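S.K.: no FASTA, just this:
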């Protein structure tokens, strides 16, 4: 704005110098106009340099902003990647927790089942043994024959299966063979 006013006033100033002033005044006005022109040129040069510096500063600012945005985008990508990894790790941890809970439940169920089954087996084992013993026939031919062999050996003068210890054992056997062996009178003698 100042620049346009000065450029408009300059021709008027020069014209007024030519029209009604003496030579000293002309010379002073000419010097003043010349100084004014030099200062305007200096101001223009300074403005051009300032504009160049502003443009360079703006370019530097834009470049720095672009680098900052790139760094921010890279950082944002890293954060997103870490979030994804943390989410995957959390999901794996949750799956492991569920699998462990299922396994614990399964193990406790198996333990309870084994305990119940073993209790049933232990409780039914005596019943099975009793059933087996009751279902066997009372006398078999083998038992009778074995008993006969033992009796013959006991009564024999020279036993084959059971050796005799001495005369006292013979007296006991004879007492058992006699019909009155069970009466209290003979045992008192």
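M.R.: Arrived safely, thanks for sending. These numbers were taken from a predicted model, which means no experiment stands behind them. Numbering: from 1, shown residues only.
S.K.: select the longest helix from the protein.
M.R.: helix 23-135 (DSSP state H).
S.K.: just give me the neighbour total for residue 121.
M.R.: Residue 121 has 10 neighbours, counted by other CB atoms under 10 Å. Placement of C-beta: from N, CA and C, glycine included.
S.K.: what confidence value was assigned to residue 132?
M.R.: What the model reports as pLDDT for residue 132 is 85.
S.K.: for residue 178, same thing?
M.R.: Looking at residue 178, the pLDDT reads 58.
S.K.: hmm, back to that, the longest helix of the chain packs against which elements?
M.R.: On a contact count with 3 or more CB pairs under 8 Å, 6 or more residues apart in numbering; DSSP states H and E, helix 23-135 meets helix 2-20.
S.K.: next structured bit after the longest helix of the chain?
M.R.: Per DSSP states H and E, helix 23-135 leads on to helix 141-155 as the next helix or strand towards the C-terminus.
S.K.: hey, which helix or strand in this protein has the poorest pLDDT?
M.R.: When each helix and strand of the chain is scored by mean pLDDT, DSSP states H and E, helix 184-188 comes last, with a mean of 45.
S.K.: flag the shaky bits of this protein, pLDDT-wise.
M.R.: By pLDDT under 70, the low-scoring segments of the chain are 1-4, 6, 8-9, 12-23, 137-141, 162-189.
S.K.: residue closest to the middle of it?
M.R.: Nearest to the mean C-alpha position of the chain, by CA atoms, centre = their mean, lies residue 93 at 3.4 Å.
S.K.: and that residue, how far from residue 101?
M.R.: Residue 93 sits 13 Å away from residue 101, going by CB to CB, to the nearest Å.
S.K.: ok, residue 150 touching residue 161?
M.R.: Yes: counting by CB atoms under 8 Å, residue 150 does reach residue 161; the two are 7.0 Å apart.
S.K.: between the two, who's got more neighbours?
M.R.: Neighbours per residue (other CB under 10 Å) separate residue 150 from residue 161, with residue 150 holding more: 13 against 10.
S.K.: can you tell me the number of residues neighbouring residue 133?
M.R.: Residue 133: 8 neighbours (other CB under 10 Å).
S.K.: please tell me how far it sits from residue 124.
M.R.: Residue 133 is 15 Å from residue 124, by CB to CB.
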